[in-house]
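**Student:** sequence first, predicted coordinates after that:
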Amino acid sequence: MAQHGMVVTSQPLAAQAGLQILRSGGNAVDAAVATAAVLNVVEPMMEGVGGDLFAVIYVAKERKVYVLNASGTAPTGATVERFNELGYHWDPKNWGPASGMPVHGILPVTVPGAAWGWQEVLRRFGTMTFKQLLEPAVQYAENGFPVSERIAHDWILPEALPLRGCCTQPDLDSVKTWYVNGAPPKPGEIFKNPDLARTFRLLQAQGIEAFYAGAIAKAIVAKSTALGGTMTLEDLAHYRGEWVEAARTRYHDHELLELPPPSQAWATNEMLNILQACVPNWLAGKTLASLGPRSPLYWHLLVETKKLAYADLYRYNADPSFAAVPLGRLLSQSYAASLCAKVDPAHASTPGPAGNFSMGGDTIVLSTADSQGNMVSWVNSNFDEFGSGITVPGFGFILHDRGALFTLDPKSPNVIQPHKRPFNTLSAGFLLHENQPVMTVTLMGGDMQAQGHAQLLVDILDLGANVQAAADMARFRHSQISNVLGLETPLYDIVGGKLAAMGHSVTSIDGESVGGVQVIMSVPGLKDFDGASAKHGGSGYYRAGSDFRKDGQAVGW
């Protein structure tokens with residue numbers, strides 16, 4: 001808990017860098033950029049300047065939420081025909097995103113949006129510049145930092161070559177940049193990245209012109225071209241993110257704002273809509289709270305709700321500039337009520353044809369808040385661990401592979417096309433009550449994110465957990481295509497057998513599979529008997545939760 005400001009994320013050095021910005025007069029947006037930049041150094045497999053960014057920003061003086069989509073667009077030449085010619089074809093056993101797409105290598109690389117997004121949020125809401133905010137990251141990149149056990153566990157480069165039949169070989173520029181004497185850094189080893197420091201120095205001096213039109217852009221295109229990619233200088237120069245309207249829904253007198261398409265985050269809205277409409281029907285006088293999380297029926301209903309929402313997600317989600325996504329209908333109360341009969345409280349359903357695909361995904365999330373009441377919910381990502389596996393030589397960052405979430409099914413709204421944004425797992429949300437800020441909503445980890453948001457919010461709004469307890473409570477992860485239900489081991493031990501008896505394909509999983517929560521809650525001031533704010537001990541404050549499954553830290557002042 002802290003009164004004046006707070007930062008929470010998955011690595012302590014990054015959290016401390018953001019706090020340093022707050023204490024030196026920066027606001028929550030400034031702190032988010034500084035924190036994200038340090039994470040690019042200390043958790044480089046998870047996020048970077050060559051990846052995607054989404055942000056949900058609460059601006060206190062306006063009492064308004066702004067939503068930024070700075071996700072990447074497919075390069076020129078990214079067509080189904082080209083992928084087919086290279087030997088990649090739609091896989092009918094995967095009827096969701098990523099069908100037929102190579103996961104790593106140059107082909108799933110889309111134009112990076114993060115650098116544009118960093119500068120855009122500063123242009124609109126920040127008070128500091130890249131010169132100030134990137135300096136902590138520059139210092140860690142130049143002088144090094146000790147790699148922790150948890151992060152060393154994730155420090156594995158994917159195979160990224162060749163172009164056809166990818167992937168069986170590593171990118172040698174990646175090995176040179178990220179490994180020490182040909183091997184991942186060991187826990188406690190000091191790791192440096194002077195090439196990334198160079199990138200940040202260019203951003204400090206020239207802004208994003210260096211990235212999208214200057215030396216960095218030329219290096220990105222040269223690397224892509226050498227490997228058979230089709231990205232052009234024009235693709236980079238013309239890149240723009242966009243400010244968008246949030247997906248909204250009400251749950252227990254709160255308003256949830258989540259990212260709209262092409263993000264998957266709106267599936268959280270649909271899940272909560274279904275629970276609100278259908279739990280009275282399913283339970284006849286009981287509630288999720290009265291059932292409690294030791295009941296197999298509690299988990300059965302949450303999982304079945306997830307299946308319904310993700311069925312719509314996989315059917316409709318795509319770049320709304322290229323495909324019509326009927327979000328208004330899907331997030332209506334009447335539509336949610338129409339789905340109640342699809343759930344059998346005694347038996348598990350099958351969400352679709354038998355398939356063999358399950359989704360990974362690695363990301364960072366962070367939250368910040370300042371003394372003016374501004375709050376930021378932020379998700380930055382390379383998509384997979386070390387993204388495409390392709391490093392831009394001399395500049396020390398990974399190109400993300402978010403384009404792997406396109407499909408090669410020509411009938412899908414999410415089919416790959418030049419300059420289109422793919423289906424995106426990145427999720428960030430914000431919770432309001434009577435138009436007052438309540439909390440950021442973040443949880444990293446592929447298709448875990450939207451279903452994880454819903455579980456986090458049920459923990460808080462139905463079960464009454466505080467934010468740290470909610471971050472730590474056991475979670476499930478359901479794979480829509482393979483229809484496998486993963487339960488964290490302590491939860492599996494309690495309800496796994498009973499859920500299996502209800503027809504679920506249940507497996508025990510560890511905490512790595514269920515993502516990491518990094519959230520901040522705004523707690524209003526206490527009131528005295530006449531309703532006025534109490535003068536002593538009554539001012540508002542923040543409280544935060546940082547998931548024990550990660551290396552995270554919540555810091556404040």
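**Tutor:** That came through, no problem.
**Student:** other SSEs contacting the helix or strand of the chain with the lowest mean pLDDT?
**Tutor:** The helix or strand with the lowest mean pLDDT-type score in the chain, counting by mean pLDDT, DSSP states H and E, is strand 362-369 (a mean of 93). Identification of packing neighbours for strand 362-369 by 3 or more CB pairs under 8 Å, 6 or more residues apart in numbering; DSSP states H and E yields strand 6-9, helix 12-23, helix 28-42, strand 375-383, strand 518-523. C-beta here means a position set from N, CA and C on the backbone, and glycine is covered the same way.
**Student:** partners of that strand, with directions?
**Tutor:** Within its sheet, and counting by DSSP bridges, strand 362-369 is paired with strand 6-9 (antiparallel), strand 375-383 (antiparallel).
**Student:** of those strands, flag the one that's most buried.
**Tutor:** Most buried of the strands paired with strand 362-369, by mean neighbour count (mean count of other CB atoms under 10 Å): strand 6-9, with a mean of 32.
**Student:** export that strand to PDB, keeping only CA atoms.
**Tutor:** Below are the C-alpha coordinates for strand 6-9, written out as PDB (Å, rounded to 0.1, in the frame of the first residue of the first chain):
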ATOM      1  CA  MET A   6       2.900   2.900  -7.200                       C
ATOM      2  CA  VAL A   7       4.500   0.600  -9.900                       C
ATOM      3  CA  VAL A   8       4.000  -3.200 -10.100                       C
ATOM      4  CA  THR A   9       5.500  -5.500 -12.600                       C
END
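**Student:** before we move on, back to that, need the winner for burial among the helices and strands packed on strand 362-369.
**Tutor:** strand 6-9 (a mean of 32).
**Student:** what about that one, average pLDDT?
**Tutor:** Strand 6-9 shows a mean pLDDT of 98.
**Student:** stretch 16-36 now?
**Tutor:** If you average the pLDDT over stretch 16-36, you get 98.
**Student:** any chance of the helices and strands packed on strand 362-369 in CSV, with distance to Ile460 too?
**Tutor:** CSV is the format used below for the helices and strands packed on strand 362-369 (distance: least, CB to CB, whole Å):
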stretch, distance to Ile460
strand 6-9, 15
helix 12-23, 22
helix 28-42, 21
strand 375-383, 15
strand 518-523, 8
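**Student:** neighbours of the closest residue to Val147 other than its chain neighbours, how many?
**Tutor:** Distance criterion CB to CB, 6 or more residues apart in numbering; nearest residue to Val147, sequence neighbours excluded, is Pro185 at 4.7 Å. Here the number of neighbours of Pro185 (other CB atoms under 10 Å) works out to 19.
**Student:** need the strands paired with strand 362-369 in TSV (columns: distance to Pro351).
**Tutor:** Supplementary listing: these in TSV, determined by distance: least, CB to CB, whole Å:
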stretch	distance to Pro351
strand 6-9	33
strand 375-383	23
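**Student:** Ser539: which of those strands is closest?
**Tutor:** strand 6-9 (14.6 Å; CB to CB).
**Student:** quick one: the closest one to chain centroid distance?
**Tutor:** If you compare the mean C-alpha spot of strand 6-9 with that of the full chain, they lie 16 Å apart, counting by CA atoms, centre = their mean, to the nearest Å.
**Student:** not counting that strand itself, show me its contacts.
**Tutor:** The list of residues contacting strand 6-9 from outside it, by CB atoms under 8 Å, 6 or more residues apart in numbering, reads 15-16, 18-19, 22, 31, 35, 39, 364-369, 518-520, 542, 544-546, 552-556.
**Student:** and the helices and strands packed on strand 362-369: which comes nearest Ala346?
**Tutor:** Each of these was checked against Ala346 via CB to CB, and the shortest separation belongs to strand 518-523, namely 34.4 Å.
**Student:** what's the angle from the closest one to helix 12-23?
**Tutor:** 40 degrees (axes from the mean of the first three to the mean of the last three CA atoms, to 10 degrees).
**Student:** strand 518-523 packs against which elements?
**Tutor:** The contact analysis (3+ CB pairs under 8 Å, 6+ apart) places strand 518-523 against strand 6-9, strand 362-369, strand 436-441, helix 467-472, strand 541-546.
**Student:** just how off-centre is it within its chain?
**Tutor:** On the basis of CA atoms, centre = their mean, strand 518-523 sits 17 Å off its chain's mean C-alpha point.
**Student:** for the residue nearest the centre of the chain, which non-adjacent residue is closest in space?
**Tutor:** If you average the C-alpha coordinates of the chain and look for the closest C-alpha using CA atoms, centre = their mean, you land on Leu426, 3.4 Å from that point. Excluding its sequence neighbours, the residue lying closest to Leu426 (CB to CB, 6+ apart) is Val379, at 4.7 Å.
**Student:** show me where the stretch 201-350 of the chain has its helices.
**Tutor:** In the stretch 201-350 of the chain, the segments counted as helices under DSSP state H, counting those that start in this stretch are 209-212, 215-226, 233-237, 266-283, 288-291, 296-316, 327-330, 333-338.
**Student:** now do the stretch 401-550 of the chain
**Tutor:** Taking DSSP H, counting those that start in this stretch as the criterion, the stretch 401-550 of the chain carries its helices at 448-461, 467-472, 489-491, 497-501.
**Student:** so for stretch 74-84, mean pLDDT?
**Tutor:** Averaged across stretch 74-84, the pLDDT comes to 98.
**Student:** would you indicate which residues of that stretch are buried?
**Tutor:** Residues of stretch 74-84 classed as buried by neighbour count (16 or more other CB atoms under 10 Å): Ala74, Pro75, Ala78, Thr79, Val80, Phe83.
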